[in-house]
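Visitor: just a sequence and a predicted model for now, questions to come.
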Amino acid sequence: MTITYNCTSDDQRAEGLQHAKRAISEKKCIVIPTDTVYGIAADAFSPTAVTLLLASKGRSRQMPPPVLIPRINALDGLATEVPADARALAQALWPGGLTLILHAQPSLDWDLGETKGTVALRMPDDPIALDLLGMTGPLAVSSANRTGQEPAQTAAEARLQLAESVEVYLEGGFRPIEGTAAVPSTIVDATSTPFRVVRQGAIELERLREIVPSILGFGEAVGQEAPVGEAPTQEPPVEELPGQDVAGPDVEGPVHGSDPVAANGEVKPDDS
């Protein structure tokens, strides 16, 4: 039976987190808030659960979801050959609205879709999401909406689109801020040099370049420079991050929530 928990209440939050943990262990989908938009989440290590997540959104295996993690040191368990610059970005900007596409650990027993050996990782800056991730471990998460529809900024909005395909909805209020538009995570492809932004989102290019000066902006080629004082701009595709799915609940690539980048590097408009 589908249940919504009001996580602004301490009692319901505790009960909701326990139910969500149980649903994840049973290979079911849940909806959680992230610091970008709401995400639909499932056990990243269960092909059955990931298939259900994709079916709930109306997506194919060609757009695999990003993976949300509870702490930075999970990087080395899920990714291999992590470049020093990628680690520096994570240390400076996690938790937060940055998704990193990296080479996946080949020994991992998971099937997120057509990832071509990559994984999109993000540590969200949301206490509810982090509490749950601490209980469950890494979760495959994509924006909580049907593909092609607006991303949900509350659990109630997500339920209107995803209905009974989700076991537990954790309502934490409006994300990111009431009255603002949904903004997915920024996705950076760190699998080759120089790094490049494949989706512009919550983290501005100027901030990324404070840490990695050589990073390419969205659509920018090697040797091309943006006009002084400007960065290449793009309307952030929301349907995230999250996710590959971008990467994207921002939830917020190939991405694994936040709403997305496809495994071939093509930017998809759907992720956290």
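Guide: Looks like it came in fine.
Visitor: what lines up beside the strand ranked longest in the chain in the sheet?
Guide: Secondary structure of the chain per DSSP state E: the longest strand is strand 98-104. Here strand 98-104 has these sheet partners by DSSP bridges: strand 79-80 (antiparallel), strand 118-122 (antiparallel), strand 186-189 (parallel).
Visitor: what is the end-to-end distance of stretch 25-35?
Guide: 24 Å (C-alpha to C-alpha, to the nearest Å).
Visitor: in that stretch, what's buried?
Guide: By neighbour count on 16 or more other C-beta atoms under 10 Å, the buried set for stretch 25-35 is 27-35. (C-beta placed from N, C-alpha, C; glycine too.)
Visitor: which ones among the residues you listed are found in helices?
Guide: Among these, no member falls in helices (criterion: DSSP state H).
Visitor: just to be sure, residue 42 is in a helix?
Guide: No - under DSSP: H, G, I helix; E, B strand; the rest coil, residue 42 sits outside any helix and is assigned strand.
Visitor: got a pLDDT number for it?
Guide: What the model reports as pLDDT for residue 42 is 97.
Visitor: ok, now which ones touch residue 45?
Guide: Contact analysis of residue 45 by C-beta atoms under 8 Å, 6 or more residues apart in numbering lists 108-110, 138.
Visitor: shouldn't residue 132 be in contact with residue 19?
Guide: No - the pair residue 132 / residue 19 is not scored as a contact, 10.6 Å apart, by C-beta atoms under 8 Å.
Visitor: same drill for the two, tell me which one is more crowded.
Guide: Under the neighbour definition other C-beta atoms under 10 Å, residue 132 and residue 19 were set side by side, and residue 132 has more, 27 against 17.
Visitor: pull out the buried residues from stretch 209-228.
Guide: For stretch 209-228, by 16+ other C-beta under 10 Å, it's 212, 215-218, 220.
Visitor: thinking again about what came up before, from the contacts of residue 45, which is closest to residue 4?
Guide: Closest approach to residue 4 among the contacts of residue 45 (C-beta to C-beta): residue 138, at 24.2 Å.
Visitor: so how far is residue 108 from the closest one?
Guide: 10 Å (C-beta to C-beta, to the nearest Å).
Visitor: now do the shared contacts for those two.
Guide: 45, 78.
Visitor: more neighbours, those two?
Guide: The residue with more neighbours, out of residue 138 and residue 108, is residue 138; 21 against 16, by other C-beta under 10 Å.
Visitor: all strands of this structure, in order?
Guide: Going by DSSP E, the chain shows strands at 3-6, 30-32, 39-43, 67-68, 79-80, 98-104, 118-122, 139-143, 168-171, 186-189, 196-199.
Visitor: okay, now the unreliable bits of the protein?
Guide: Along the chain, the parts satisfying pLDDT under 70 run over 224-271.
Visitor: so residue 128 sits right up against residue 172, yeah?
Guide: Yes - here residue 128 reaches residue 172: they are 4.9 Å apart, a contact under C-beta under 8 Å.
Visitor: mutual contacts of these two, please.
Guide: Overlap between the contact sets of residue 128 and residue 172, as judged by C-beta under 8 Å, 6+ apart, is given by 7, 32-33.
Visitor: what is the nearest of those residues to residue 64?
Guide: The closest of those, once distances to residue 64 are taken by C-beta to C-beta, is residue 32, at 18.6 Å.
Visitor: surely the closest one meets residue 131?
Guide: No - when contacts are counted by C-beta under 8 Å, residue 32 is not listed as touching residue 131 (9.7 Å).
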